[in-house]
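Everything below, folded, please.
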Amino acid sequence: MTQYIGAIDQGTTSTRFMIFDHAGNEVARHQLEHEQIMPQAGWVEHDPIEIWERTSSVLQNGLRKKNLKADDLAALGITNQRETTVVWNKQTGRPYYNAIVWQDTRTDKIASALERSGAGDTIRTKAGIPPATYFAAGKAQWILENVDGVRADAENGDALFGTIDTWVIWNLTGGVNGGVHVTDVTNASRTMLMNLETLDWDDELIELFGIPRQMLPTIAPSSPTEPYGHTTRTGPLAGEVPIASALGDQQAAMVGQVCFSAGQAKNTYGTGNFLLLNTGEKLVRSDNGLLTTVCYQFGSQAPIYALEGSIAVTGSAVQWLRDQLGIISGAAQSESLAKEVTDNGGVYFVPAFSGLFAPYWRSDARGAIVGLSRFNNNAHIARATLESICYQSRDVADAMEKDSGVKLEVLRVDGGVTANSLCMQIQSDVLGIPVSRPVVAETTALGAAYAAGLSIGFWKSTEELETHWKEDRRWEPEWTEETRAEKYGLWQKAVTRTLDWVDV
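Okay, the predicted model is just below:
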């Protein structure tokens, strides 16, 4: 008897497979990292073949850990790093070029030209997002314009475009032997090509980027009434498991945090930070630098929308301390090192390695550490790094309140950085509200599992899922209002020092 739901979480730095039981408890997991390819400054790539190989491996090993078979899975859900773009040949299954990662800034001139031409307003109105290097359409345009043979193949129907969900589903369902070419509304809403009101590719937007419509996948609900397709017996699961959900990673975390009511919000701390606010069936357009995005769509129900603040560099700033500066040996040491000092010693670190995302959207910005004196040491830099995660989230939370009129009363948090208690305490202090972490911190994979289970009736309703959510720990603010205002003012001053560094 099938007892479990599986979820593939294909992220920026690793791929994991998790298995959950009916109570939403983790049964098994397996995780593998993949290479970060950086050919030149501002360029970030992944090898799509390596990602598929890692996906196959984590599926096989995840089942093996509990001596399970494909038949033990009632369904499989997919969640993924969102804007990362793959273009491949449907006859050979080979990518034309490495996947261009969401952090990549090579398309800054494409984005700037769209803004100068006045097309930026059209993109904002129809797609809910600004022309920026972050999103997928510019990446696809770059491949079409810079890789030999791709445009011709796209025009004759042989070149396929997709975000990582599409690439993984196509391979799981047979690849060159009948693979399903599909994406869901949440991932499609991150391309600059989907109309938020029609939930379909928009002809005017497609024309702006010069992308042939035939290379685009079919758009489907996040949790469809019928599965997108089934895994193959010759594939890594060696069984026909229904693929019953796909959501971009941050929307999946909203589902995993059971933020099903308008006004509920969560913040995911990963490579970057992503703060989302459920706005219900109302499509709220931002006047303060946020994104309007699809939160999820279950079956034939109306789509649920969200406001999102996307922050490019948070957890990856901690990795930078480890890999580039060498002042910590691992992420956990960032907390112990930062605890060696009682404050930041006047140091502020704005990690604008990929420019600044929400609410600034400044691709000309670059990282800066300011306020240094001979007094400062590596502990101050470690603490300033943790504080940068929290201040960037405050930037977004303030913009969200202005757009929605909703003042956050508590922030639900998830992701790897939430294991850092000092960082979470600073987050509560910076925001001035409680911060709440759930028992199951891997809410991204859990959300993909929930959506897949709802699709096939494994779970009956969102109300049933809400009973699964349990708090693990809560942090309460300790700073005074005066301290909070003073420190945030200095952060805002530091941000101004990063601007106008690169000509775009």
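
so who does Asp9 touch?
Neighbour list for Asp9: 15-18, 79-80, 249, 252, 442, 444-445, 448 [criterion: C-beta atoms under 8 Å, 6 or more residues apart in numbering]. C-beta coordinates here come from the backbone N, C-alpha and C atoms, glycine included.

Go through the residues you listed and name the one nearest Glu197.
Among the contacts of Asp9, Ala252 lies closest to Glu197 (C-beta to C-beta), at 23.0 Å.

The strand or helix carrying the closest one: what's the following helix or strand?
For Ala252, the host element (DSSP states H and E) is helix 249-256. Per DSSP H and E, helix 249-256 leads on to strand 265-269 as the next helix or strand towards the C-terminus.

What residues of that next one count as buried?
265-269 (16 or more other C-beta atoms under 10 Å).

Checking the residue of the chain most remote from its centre next. Helix, strand or coil?
The C-alpha centroid of the chain is most remote from Arg374, which lies 38.3 Å away (C-alpha atoms, centre = their mean). Under DSSP: H, G, I helix; E, B strand; the rest coil, Arg374 falls in the coil class.

Turn the buried residues of strand 265-269 into TSV, columns for pLDDT and distance to Thr342.
Putting those into TSV (pLDDT from 0 to 100; distance: C-beta to C-beta, whole Å) gives the following:
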residue	pLDDT	distance to Thr342
Ala265	88	30
Lys266	91	30
Asn267	92	25
Thr268	89	29
Tyr269	91	23
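
could I get those as TSV with distance to Met194?
Listed next are these as TSV, based on distance: C-beta to C-beta, whole Å:
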residue	distance to Met194
Ala265	23
Lys266	23
Asn267	25
Thr268	22
Tyr269	27
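
what about the helix or strand encompassing Ala382, distance to the chain center?
Take DSSP H and E as the rule and Ala382 turns out to sit in helix 378-404. Relative to its chain's centre, helix 378-404 lies at 18 Å (C-alpha atoms, centre = their mean, to the nearest Å).

Note down every partner strand of the very next helix or strand once past that helix and its orientation.
Towards the C-terminus, the helix or strand next in line after helix 378-404, according to DSSP H and E, is strand 411-414. Sheet pairing for strand 411-414, assigned by DSSP bridges, gives strand 265-269 (parallel), strand 435-438 (parallel).

out of those, nearest to Ala188?
Between those, strand 265-269 lies closest to Ala188; by C-beta to C-beta that is 20.0 Å.

related to what we said a few turns ago, just want the angle from the helix holding Ala382 to strand 265-269.
Between the axis of helix 378-404 and that of strand 265-269 there is an angle of 150 degrees, by axes from the mean of the first three to the mean of the last three C-alpha atoms, to 10 degrees.

Identify the residues contacting Thr293.
128-129, 186, 189-190, 251, 276, 305-308.

For it, report the pLDDT, please.
Each residue has a pLDDT score; the one for Thr293 is 93.

On the strand side of things, show who it bridges to.
Ala306.

The helix holding Ala382 packs against which elements?
With contacts defined as 3 or more C-beta pairs under 8 Å, 6 or more residues apart in numbering; DSSP states H and E, the packing partners of helix 378-404 are strand 265-269, strand 273-280, strand 304-311, helix 315-320, helix 331-338, strand 348-350, helix 421-431, helix 481-496.

Let's see that with 7 Å instead.
For helix 378-404, the helices and strands in contact under the criterion 3 or more C-beta pairs under 7 Å, 6 or more residues apart in numbering; DSSP states H and E are strand 273-280, strand 304-311, helix 315-320, helix 331-338, strand 348-350, helix 421-431, helix 481-496.

thinking again about what came up before, list the helices and strands the helix holding Ala252 packs on?
Here helix 249-256 is seen to pack against strand 73-80, strand 265-269, strand 273-280, strand 291-296, helix 443-456 when contacts are counted using 3+ C-beta pairs under 7 Å, 6+ apart.

what stretches of the protein score poorly on pLDDT?
Scanning the chain with the threshold set as pLDDT under 70 gives 1-2, 504.

and Thr232, how many neighbours does it have?
When neighbours are counted by other C-beta atoms under 10 Å, Thr232 registers 20.

nearest to Ala332, of the strands paired with strand 411-414?
Across these, closest to Ala332 is strand 265-269 (C-beta to C-beta), at 14.2 Å.

Now do the same contact list for Trp459.
Taking C-beta atoms under 7 Å, 6 or more residues apart in numbering as the criterion, Trp459 is in contact with 450, 453, 465.

go again using 6 Å as the cut-off
If a contact means C-beta atoms under 6 Å, 6 or more residues apart in numbering, then Trp459 has 453, 465 as its contacts.

Please tell me how far it sits from Leu446.
Distance check for Trp459 against Leu446: by C-beta to C-beta, to the nearest Å, it reads 12 Å.

Helices of the stretch 51-200 of the chain, start to end?
Listed from the start of the chain, the stretch 51-200 of the chain has helices (DSSP state H, counting those that start in this stretch) covering 108-117, 119-127, 136-146, 150-155, 164-172, 185-188.

Would you mind putting those helices into a markdown table with mean neighbour count and distance to Leu422 alongside?
Written out in a markdown table, the entries for the helices of the stretch 51-200 of the chain read as follows (neighbours: other C-beta atoms under 10 Å; distance: least, C-beta to C-beta, whole Å):
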| stretch | mean neighbour count | distance to Leu422 |
| --- | --- | --- |
| helix 108-117 | 17 | 35 |
| helix 119-127 | 18 | 38 |
| helix 136-146 | 23 | 35 |
| helix 150-155 | 18 | 47 |
| helix 164-172 | 28 | 32 |
| helix 185-188 | 29 | 32 |
